[in-house]
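[1] just need the structure, nothing else, for what follows:
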Amino acid sequence: MKKLGSMVLIFVLGFMMRDLSTLIVPYAIAEVAGMNSYDLESDYDFKRAVESIVEDCTVSDESISC
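    Below is the predicted model:
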């Protein structure tokens, strides 16, 4: 019975931490010139601008590598 109570407590704490994380790190919405993040991923000019700001790094579709 004690083991079941511990599992329930861990389960409930997991949900609480997930909800707390959305308060600490809110959902971000990026929009530049009317383009959302999906449009910006394929925009060559935006990619070049990011590469010029972040020196000595390469920009791929999903990440920046330095």
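[2] run the chain-centre distance for the host helix or strand of Gly5.
    Element membership for Gly5, per DSSP states H and E: helix 2-24. Centre-to-centre, helix 2-24 and its host chain are 22 Å apart (CA atoms, centre = their mean, to the nearest Å).
[3] so after that helix, what's the next helix or strand?
    helix 37-41.
[4] avg pLDDT for that following helix?
    The predicted model assigns helix 37-41 a mean pLDDT of 80.
[5] equivalent analysis for stretch 11-28, please.
    pLDDT averaged over stretch 11-28 gives 72.
[6] what's the answer for stretch 58-66, then?
    The average pLDDT for stretch 58-66 rounds to 74.
[7] ok, and for that stretch, which residues are buried?
    Val59 (16 or more other CB atoms under 10 Å). No exception for glycine: its C-beta is placed from N, CA and C like everyone else's.
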